[in-house]
Structure formats: C-alpha cells, structure tokens
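[1] sequence-free structure coming up:
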C-alpha cells in the first residue's frame, strides 16, 4: 500500500518515528546543567504558526511542544541551549528569537 503524503513535510516518511519534546528531555536528563535565565528569549507567534512541527522536531533540547496544532516554547527556560535553530528552520518566521543574557541557559555535559 502506498502511503499518501499528507502535506509539505511528512516526518514519519522522511525520518521515521519522532524523537521530540518529552522524549528528548528524558534522554538528556542529567546530561546538562541549567544556569537560570531571567527572561524568555524565544517566543512563538501563535497567529503566524502553521503547526508544521519543524521547530518541535529539530530542537536539540526538546524545548518545544505541540499544543492545539501550534508550537509552544514550553520548556526553554529550563533546557534551551540557545542554538537558534528554531528561528532558522521556521518557514513562516513565527519565532521571535533574541540573544539570551550571557552566562544563562543549558550547558551540556559531554563525557
């Protein structure tokens, strides 16, 4: 049976099962330390978000969740590594991203 492409990006077909959001945070648990941020530096503009899930899929720290068909930067204050990939991947510029204050954010512990 041929599976019909459901839209612009059918991630199951292209990449296999999703390892995003909560799964990523579970994998990373204990592998980073968080230096508390004072202000949020990422915001999803809900009116512009199309629900394509790209930011949710590519976020290396699982900072995004999909709720009601839209992306939310829900865990960023706790786990965001400030890479900015969400800003670059968004096809409709629905993500406002500014540089976070120095010395804050998630610091990965590779050993």
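    Alright, I've got the coordinates. From a predicted model like this one, the values you see are computed outputs, not experimental measurements. Numbering: from 1, shown residues only.

[2] what's the burial count for the residue nearest to residue 67 when sequence neighbours are not counted?
    Nearest residue to residue 67, sequence neighbours excluded (CB to CB, 6 or more residues apart in numbering): residue 74, at 7.7 Å. Yep, even glycine has a C-beta here, placed from its N, CA and C like the rest. Under the neighbour criterion other CB atoms under 10 Å, residue 74 is assigned a count of 17.

[3] pretty sure residue 74 contacts residue 62?
    No - assessed by CB atoms under 8 Å, residue 74 is found out of contact with residue 62, at 9.4 Å.

[4] okay, strands next: where are they in this structure?
    Under the criterion DSSP state E, the chain contains strands at 32-35, 42-44, 64-67, 70-73, 95-97, 105-108.

[5] quick check: mean pLDDT of the third one?
    Regarding strand 64-67, the rounded mean pLDDT is 93.

[6] mind listing what that strand pairs with, with the direction of each?
    strand 70-73 (antiparallel) (DSSP bridges).
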